[in-house]
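**Student:** Build the 3D model from these lines:
(2 chains)
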Amino acid sequence: MSDWPVPFLLDELWLKTRRTIVHRLEEKGLWLNSDEYSSLWSDQKEVGLVLKNSLLKNALGPHDFAIINSEAVFGKLNHILKHKLPFSLAFGHELGAGFYTLVSEDQERKHQIAQTTALFNLGISLFDFFLDSSEEEVKDEFKSIFNSQALHDIQSNKNAAPTFYTRCDAIEQNEIRILLKVIACFYQSLYSTIQESGNRHIIKKINKLLLKAYQAEINSQLQQDINEDADLRLVSKSKSTLPFQIIKNIAVAQMKVDKNIEQSVERLSYTIGEIFWLLDDLADVVSDYQTNQLNSLFCNQKSESYMMDEGSITQILAADDLPRLINHLCSKIQRAEHSISASGTDIESNLRFRQILLFYVRDWLS
Amino acid sequence: MVVSESIQKELKRSINHSTGYIHEKRALDGLWYDFDTLAGASSEWVSGYILSTLSLLSDYSCPIDRAHKILLTRQRANGGWAYNHKVPTDADSTSWVMMSFSGLPLWRPSAMIRGINFIRDHFNHADGGFTTYAPKDHIEQFIEANKDLTKGWLGSHTCVTAVALQSLLFNKLHSDQEIINKGCRFLTENQQSNKLWNSYWWQGNAYSTFHCLKTLLLAKHISIRDAKKVIDEVISRMSVEGYWVESNNDSSLFSTALFLRTVLLLPDKKNLKAVSKCVDYLLQSQLTDGSWPSAPILRIPPPMITNPETLMQWKTGEMGTGVIIEDQNKLFTTATISSALHLYNKMFLN
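**Tutor:** Below is the predicted model of the structure:
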């Protein structure tokens, strides 16, 4: 136990986490310098704003576009939504484009695929915001509209998404309506993106992953109903990694890709998912402690159980759990870097993908 | 409806000009000052409000400002901030300062936790509201008044409660839902029969109505239908010229901007004409230096008065209590109007 009050221990925990991450990543050349970061920040914000004012505005229509820009939508997460929205679109766009260029030199379809993955990434963020800011009865209302039957309909029939979209206007709850419109537009875009491939296997695979991702999001809300800590970690990890796998599968859906390359890109998408899963825990360690949320830093390595008390902060500060987790993060980033440079033939695109990845790693901690 | 290209250009020019004005008016110590009183002008409270506005204008993407760092050094031992460095701490100033940190990285968790605890110490368990001052702030010593004569300033106020709840809602380190629920119930119980809210510290209904409705929507404590009734009432009070008149029969730009923000909380096609008329009015009212004219907006009730609506004689152009004062540096008014224009621009961007 420490003589320090908990708030000061949390200051130290915040500082130590940041300091260790920056030092370790700098040592390995994985920390963008401030000039590179600022330049990419402006670039990504611009990309995001263009997507927001074109893609998202078309998806929502003028009325709901005004609402998503209002001061109270998505409740207590309104400020975070305002900040993250353009970056969420831009990140989805960059990931789609990045995975695509790893398997194809053909630039023709890249933009359309990247728009689909931008919408998907935004949908995931909005779903998170919705679940974290809504009352139980509103979540139930959402689940009653977007139930497994609705998901099955929309997945099995490419004409179901437009019908579903037109029904959204009758929904009174702003967040539910906005979220469902984004989901409907994503499916429309997905079908128009991959229909030419006629590859039933890949459509089936994407739909299966989407179903799993939806379930992982719902399960993450039911923490109190999951008794085993190990299961909680699995749910949290799936929630983070599945979206990246889905984006990769959308990006390569139309291509006939060599099996080895396909597997390598699949592994890359999973590794990127793991990176952001670890980053989530590292970035939110203080707020997770304060609000009693699941965080792997508080996982007792021996018993695999979660300890969230004053003693556990002292232990993290004194022991080597934090450097170990950050080393683990570094090795994941290095693995992703290696995988990017080993795949594809366009050196410039690979370099951009790497820089974008490092940008979002640094940005996650801001 | 979308904003035409020329109006959009005009909006951007106006917002940039007003932001320039706000930056120019920063004092040498890095803070902003406004509202002269017997205790001097406000620094901490006004700076919290201005930083929150600048944060909104950047869509919560602005970097840490030197004023944030200065404000951190001004946090008192009890975790609170105040009107200025001479005055005892209060929940309203603390809430605005805390809100100014809400879009930033959580680089000093202890300061935020102490701030949250300070605000929670001003929660009135008897009625569910938040008080401006708690007994332990000892405002009576500062104003040299008998303790029994400060119950007005120590009471729960809707304008303070709404902002205190917002600061808790937006803070990642706060998770006590019960206090939010009770606070929201207090706001609902204090809604007037005309659907609007009265304020303790502000002239007219605009400040309280905007912040109470925003808080209830943020906390999901009001149905869309009921919120729209508030907005309908606000719209019904707008003049044909596009402004709102408060109790003193003068048009108030500050109130107009707050009522506009109230209407924009739930944008509705049927209100768009009224909204664009109001925006035109605000654009036309901007001064050449980028600011908007101030007016007496902040009232200082005598400390024993619990219901300021009962006080008939308010003085302007004077100091002390029982007075309504203006933001002589026009910072509060300018910040509030530029926020309203920014939101309108974002919502109806072409």
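
**Student:** residues contacting the residue nearest to B:Thr89 when sequence neighbours are not counted?
**Tutor:** Computed as C-beta to C-beta, 6 or more residues apart in numbering or on different chains, the closest residue to B:Thr89 that is not its neighbour in sequence is B:Gly80, at 3.1 Å. All C-beta atoms are positioned from the backbone trio N, CA, C, and that covers glycine. By C-beta atoms under 8 Å, 6 or more residues apart in numbering or on different chains, the residues touching B:Gly80 are B:Thr89, B:Asp90, B:Ala91, B:Ser93, B:Thr94, B:Gly115, B:Phe118, B:Asp137.

**Student:** what's the answer for B:Leu341, then?
**Tutor:** By C-beta under 8 Å, 6+ apart, the neighbours of B:Leu341 are B:Leu11, B:Ser14, B:Ile15, B:Ser18, B:Val279, B:Leu282, B:Leu283.

**Student:** Show me which residues of the stretch 1-150 of chain B are close to chain A?
**Tutor:** B:1-2, B:55, B:59-61, B:102-103, B:105-110, B:113-114 (C-beta under 8 Å from any C-beta of the partner chain).

**Student:** ok, residues contacting stretch B:14-27?
**Tutor:** With C-beta under 8 Å, 6+ apart, stretch B:14-27 has contacts from B:32-33, B:43, B:50, B:53-54, B:57, B:67, B:283, B:286, B:289-292, B:329-331, B:334-335, B:337-338, B:341-342, B:345.

**Student:** what's the spacing between the nearest residue in space to A:Arg24 that is not next to it in sequence and chain B?
**Tutor:** Of all residues not flanking A:Arg24 in the chain, A:Ile326 sits nearest, at 5.0 Å (C-beta to C-beta, 6+ apart). According to C-beta to the nearest C-beta, to the nearest Å, A:Ile326 and chain B sit 18 Å apart.

**Student:** in terms of contact, does A:Ile326 touch A:Arg18 like I think?
**Tutor:** No - A:Ile326 is beyond contact range of A:Arg18, at 10.5 Å (criterion: C-beta atoms under 8 Å).

**Student:** With neighbour numbers in mind, choose between those two.
**Tutor:** A:Ile326 (19 against 15; other C-beta atoms under 10 Å in any protein chain shown).

**Student:** List the contacts of the more buried one.
**Tutor:** A:Thr20, A:Ile21, A:Arg24, A:Leu282.

**Student:** pLDDT score assigned to the third one?
**Tutor:** On pLDDT, A:Arg24 comes in at 96.

**Student:** Following the chain onward from the helix or strand hosting it, which element is next?
**Tutor:** Assigned by DSSP states H and E, A:Arg24 belongs to helix A:6-27. Per DSSP H and E, the first helix or strand lying C-terminal to helix A:6-27 is helix A:34-51.

**Student:** Which residues of the stretch 151-300 of chain B lie near chain A?
**Tutor:** So far as C-beta under 8 Å from any C-beta goes, the stretch 151-300 of chain B lies against chain A at B:169-170, B:172-175, B:214, B:217-220, B:224-225, B:261, B:264-267, B:269.

**Student:** show me where the stretch 51-200 of chain B has strands.
**Tutor:** B:81-82, B:89-90 (DSSP state E, counting those that start in this stretch).

**Student:** would you turn those into JSON lines with mean neighbour count, mean pLDDT and distance to A:Gln355?
**Tutor:** Below are the strands of the stretch 51-200 of chain B laid out as JSON lines (neighbours: other C-beta atoms under 10 Å in any protein chain shown; pLDDT from 0 to 100; distance: least, C-beta to C-beta, whole Å):
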{"stretch": "strand B:81-82", "mean neighbour count": "28", "mean pLDDT": "98", "distance to A:Gln355": "41"}
{"stretch": "strand B:89-90", "mean neighbour count": "24", "mean pLDDT": "98", "distance to A:Gln355": "46"}
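
**Student:** I'd like to know which of those strands is closest to B:Tyr207.
**Tutor:** Nearest to B:Tyr207 among the strands of the stretch 51-200 of chain B is strand B:89-90 (16.2 Å), distances taken as C-beta to C-beta.

**Student:** thinking again about what came up before, from the contacts of B:Gly80, which would you call buried?
**Tutor:** B:Thr89, B:Asp90, B:Ala91, B:Ser93, B:Thr94, B:Gly115, B:Phe118, B:Asp137 (16 or more other C-beta atoms under 10 Å in any protein chain shown).

**Student:** Would you mind stating the distance between B:Tyr83 and B:Val46?
**Tutor:** 9 Å (C-beta to C-beta, to the nearest Å).

**Student:** Any stretches of the chain with poor pLDDT?
**Tutor:** Picking chain A for this. A:1-2, A:196-199, A:222-230, A:300-308, A:344-345 (pLDDT under 70).

**Student:** um, chain B though
**Tutor:** In chain B, residues with pLDDT under 70: B:1-3, B:247-250, B:350.

**Student:** centroid residue for it?
**Tutor:** Nearest residue to the geometric centre of chain B (C-alpha atoms, centre = their mean): B:Tyr207, 6.3 Å.

**Student:** Next up, the contacts around it.
**Tutor:** Each residue near B:Tyr207 by C-beta under 8 Å, 6+ apart is listed here: B:Cys159, B:Ser199, B:Trp201, B:Ser255, B:Leu258, B:Ile297.

**Student:** what does B:Gln203 give?
**Tutor:** Per C-beta under 8 Å, 6+ apart, neighbours of B:Gln203: B:Glu246, B:Ser247, B:Asn248, B:Ser252, B:Ser255, B:Pro296, B:Ile297, B:Leu298, B:Arg299, B:Ile324.

**Student:** Name the nearest residue to the last one, ignoring sequence neighbours.
**Tutor:** I take that to be B:Ile324. B:Pro296 (3.9 Å).

**Student:** ok, A:Ser312 - contacts?
**Tutor:** Taking C-beta under 8 Å, 6+ apart, one finds A:Phe298 in contact with A:Ser312.

**Student:** Check A:Val138 too.
**Tutor:** Listed by C-beta under 8 Å, 6+ apart, the contact partners of A:Val138 are A:Gln173, A:Glu175, A:Ile176, B:Lys220.

**Student:** can I get these in JSON lines with secondary structure, neighbour count and distance to A:Phe353?
**Tutor:** Formatted as JSON lines, the contacts of A:Val138 follow (DSSP: H, G, I helix; E, B strand; the rest coil; neighbours: other C-beta atoms under 10 Å in any protein chain shown; distance: C-beta to C-beta, whole Å):
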{"residue": "A:Gln173", "secondary structure": "coil", "neighbour count": "18", "distance to A:Phe353": "38"}
{"residue": "A:Glu175", "secondary structure": "helix", "neighbour count": "21", "distance to A:Phe353": "33"}
{"residue": "A:Ile176", "secondary structure": "helix", "neighbour count": "19", "distance to A:Phe353": "35"}
{"residue": "B:Lys220", "secondary structure": "coil", "neighbour count": "19", "distance to A:Phe353": "40"}
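
**Student:** one step back: list residues touching both of A:Ile326 and A:Arg18?
**Tutor:** By C-beta under 8 Å, 6+ apart, no residue touches both A:Ile326 and A:Arg18.

**Student:** now, which of the contacts of B:Gln203 lie within strands?
**Tutor:** With strands defined by DSSP state E, the entries of these inside them are B:Pro296, B:Ile297, B:Leu298, B:Arg299, B:Ile324.

**Student:** out of these, who has the most neighbours?
**Tutor:** B:Ile297 (25 neighbours).

**Student:** Please look at that one and B:Leu253 and confirm they touch.
**Tutor:** No - B:Ile297 is beyond contact range of B:Leu253, at 9.4 Å (criterion: C-beta under 8 Å).
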